[in-house]
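Participant: Kindly generate the corresponding structure for this input.
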Amino acid sequence: MLVALLMMAAGIALLYLGAEGLVRGSCGIAAWMGISPLIVGVTVVALGTSMPEVITSVLAHVGQGKSDIAMGNVIGSNIANIALVLGLSATLHPIDISEQARKREMPIMLLVTVIFVGIMALGTITQLAGAFLLAGIFAYMGYQIYLAKQHRLSKNRMEILEEETKEATPHYSLNTDLLMIFAGLLGLVFGGHILVTGAVNAAELLGISERIIALTIVAAGTSCPEVATSLLAAYRTQHDISVGNIIGSNIFNILLVIGLCAVILPMKVSADMLHVDAMVMLALAAVMTGVAFWAKRFGRSVGIALLASYVGYLTFLVMS
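Facilitator: Residues are numbered from 1 along each chain as shown. Model (predicted):
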């Protein structure tokens, strides 16, 4: 147990350092390339913080044949991203939601979630369905590249740089920013892997089922990069990076992680995963989108309510 706890502590330290490098480097890239921070958040940052989910789910599903852990990791991570990550971020510092996030990115996230739940309802996520989801991630990335080009046409590099520097985030050379992103991604991937390994070992010693492990400990562990990155971005008032990371990560988790796992090997869907966990994930995505449209910001009261919902969900899992 002591070894497991030490691994978890080391993983958390790596996650913090990785998040620091990723946020600083990504903001710098947004400035130097004249790209909206929101676009960077839903692509580069989201992909980086989703790497632990990719690694953990593929290894669990393909390497060990544990589809419940793979799928529970994704669903649990998406739940944690909204209820835990967004909840903590909004509680720490109220988050203003940009018009682009409200009208473009959040509806896409909700649509992807609805499609995923619909596929799950079929009972098995086939290789064809997996290919469809993977095609979705390529379409999404292509769309973001198009938006980035449009943004660069509408604003020059100096205007973007002025927007970013007023957020009190220091900027370095382009090579330094790229190095920070690379080092940050490595820290997040290895930190997430170490943390999850330690958490799973501890859970197994306590005799917890695979589904509960996946939805709670594994999901929370692989969501630690999102927690670290979004909290740090919120603290630095980089709201688009904070929210974009959550939105993009949920999209990547479904389209990339589930798509990749299912293409390699079809995934069975358990009844509990569909009727309970997937419904909670869908409800939270709908609530997040609805609050953004209605209030245009996530205040501390919303953050506390999201955190309370996460505690309630975890309590339900343990009690059931």
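Participant: centroid residue for the chain?
Facilitator: Nearest to the geometric centre of the chain sits Ser249, at 3.0 Å (C-alpha atoms, centre = their mean).
Participant: so who does that one touch?
Facilitator: With C-beta atoms under 8 Å, 6 or more residues apart in numbering as the criterion, the residues that contact Ser249 are 46, 49-50, 53, 77, 81, 226. For glycine as for every other residue, the C-beta is placed from the backbone atoms N, C-alpha and C.
Participant: pLDDT wise, what is Gly221 at?
Facilitator: Gly221 is assigned a predicted lDDT (pLDDT) of 74.
Participant: can you check Gly130 too?
Facilitator: At Gly130 the predicted local distance difference test score is 95.
Participant: rewinding a little: tell me the spacing between the residue nearest to the residue nearest to the centre of the chain when sequence neighbours are not counted and Ile79.
Facilitator: Closest residue in space to Ser249, ignoring its immediate chain neighbours: Ala46 at 4.5 Å, by C-beta to C-beta, 6 or more residues apart in numbering. Ala46 sits 16 Å away from Ile79 when distances are taken as C-beta to C-beta, to the nearest Å.
Participant: And Ile125, by the same measure?
Facilitator: Look at Ile125 and Ile79: by C-beta to C-beta, they are 18 Å apart.
Participant: if you count what's nearby, which of these two comes out ahead?
Facilitator: Ile79 (28 against 25; other C-beta atoms under 10 Å).
Participant: Now do the same contact list for that one.
Facilitator: Contacts here follow C-beta under 8 Å, 6+ apart; on that basis Ile79 touches 215, 219, 277, 280-281, 284, 310, 313.
Participant: out of those, who has the most neighbours?
Facilitator: Neighbour tally across the contacts of Ile79 (other C-beta under 10 Å): the maximum, 29 neighbours, falls on Leu215.
Participant: which SS class is the closest residue to it other than its chain neighbours?
Facilitator: The spatial neighbour of Leu215 that comes closest, neighbours along the chain excluded (C-beta to C-beta, 6+ apart), is Gly76 at 3.9 Å. Using DSSP: H, G, I helix; E, B strand; the rest coil, the secondary structure recorded for Gly76 is helix.
Participant: measure Gly76 to Leu86 for me?
Facilitator: Summarising the geometry, the distance separating Gly76 from Leu86, computed by C-beta to C-beta, is 15 Å.
Participant: Among the two, which residue is more densely surrounded?
Facilitator: Relative neighbour count places Gly76 above the other of Gly76 and Leu86, with 33 against 29, counting by other C-beta under 10 Å.
Participant: which ones are touching the more buried one?
Facilitator: 214-216, 218-220, 223, 277.
Participant: right, and out of those, which lies closest to Leu133?
Facilitator: Ranked by distance to Leu133 (C-beta to C-beta), the contacts of Gly76 are led by Asp277 at 18.0 Å.
Participant: Now do the residue nearest to the closest one when sequence neighbours are not counted against Val54, distance only.
Facilitator: In space, and not counting its chain neighbours, Asp277 is closest to Ile75: 4.9 Å by C-beta to C-beta, 6+ apart. Using C-beta to C-beta, Ile75 is found at 15 Å from Val54.
Participant: more crowded one of those two?
Facilitator: When Ile75 is set against Val54 and neighbours are counted by other C-beta under 10 Å, the residue ahead is Ile75, at 28 against 20.
Participant: re the thing from before, let me have the contacts of Gly76 in a markdown table, adding secondary structure as columns.
Facilitator: As requested, the contacts of Gly76 are exported to a markdown table (three-state DSSP):
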| residue | secondary structure |
| --- | --- |
| Ala214 | helix |
| Leu215 | helix |
| Thr216 | helix |
| Val218 | helix |
| Ala219 | helix |
| Ala220 | helix |
| Ser223 | coil |
| Asp277 | helix |
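Participant: of those, closest to Gly25?
Facilitator: Of all those, the one with the least separation from Gly25 (C-beta to C-beta) is Ser223, at 20.8 Å.
Participant: Surely that closest one is in contact with Leu86?
Facilitator: No - taking C-beta atoms under 8 Å as the contact criterion, Ser223 and Leu86 are not neighbours in contact, 11.0 Å apart.
Participant: leaving aside the residues next to it on the chain, what's closest to His93?
Facilitator: Using C-beta to C-beta, 6+ apart and skipping the chain neighbours, the partner closest in space to His93 is Ala234 (4.8 Å).
Participant: what sits against that neighbour?
Facilitator: For Ala234, counting by C-beta under 8 Å, 6+ apart, the contacting residues are 89-90, 92-93, 95, 242.
Participant: what do you get for Met180?
Facilitator: Counting by C-beta under 8 Å, 6+ apart, Met180 makes contact with 21-22, 24-25, 28, 172.
Participant: and the residues you listed, which two are the farthest apart?
Facilitator: Of all pairs drawn from the contacts of Met180, the widest gap by C-beta to C-beta lies between Leu22 and Tyr172 and measures 13.9 Å.
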